[in-house]
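# this one's sequence-less:
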């Protein structure tokens, strides 16, 4: 079956999501994870819901782990789609992670 325009390689997308979920399972403040594919943008979106009382340092550590995993995955597998990881805690707007981001180092990197 040929790949339709606007749809990712489903096996690669599933591996990305599985890897992100495995990493987030190590962090008790992550309460849920959901994913979707935005065909118009050719982008895999992953939304992580976190506790509102999660410490900034812990969220930064999680984000840097996710960046390292995603950068490594993209360098090795070279998927033909991009990604974005959004964070929601219901109280503050947080800057999403996107392909090409560098490591984050301080609370200012979390806020939009």
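Right, received. Where do you want to start? The model shown is predicted, which means the values in this text are computed figures rather than measured ones.
# in which helix or strand would I find residue 53?
Counting by DSSP states H and E, there is no helix or strand that carries residue 53.
# count of neighbours near residue 11?
8 (other CB atoms under 10 Å). Just so you know, the C-beta spots here come from the backbone N, C-alpha and C atoms, and that holds for glycine as well.
# tell me which element it is part of?
Going by DSSP H and E, residue 11 is part of helix 10-24.
# what's the following helix or strand after that helix?
Next along from helix 10-24, by DSSP H and E: strand 30-38.
# now the angle between helix 10-24 and that next one, please.
160 degrees (axes from the mean of the first three to the mean of the last three CA atoms, to 10 degrees).
# average pLDDT across the helix holding residue 11?
Summarised as a single mean, pLDDT over helix 10-24 is 95.
# check the gap between residue 39 and residue 19 for me.
Residue 39 is 22 Å from residue 19, where distance means CB to CB, to the nearest Å.
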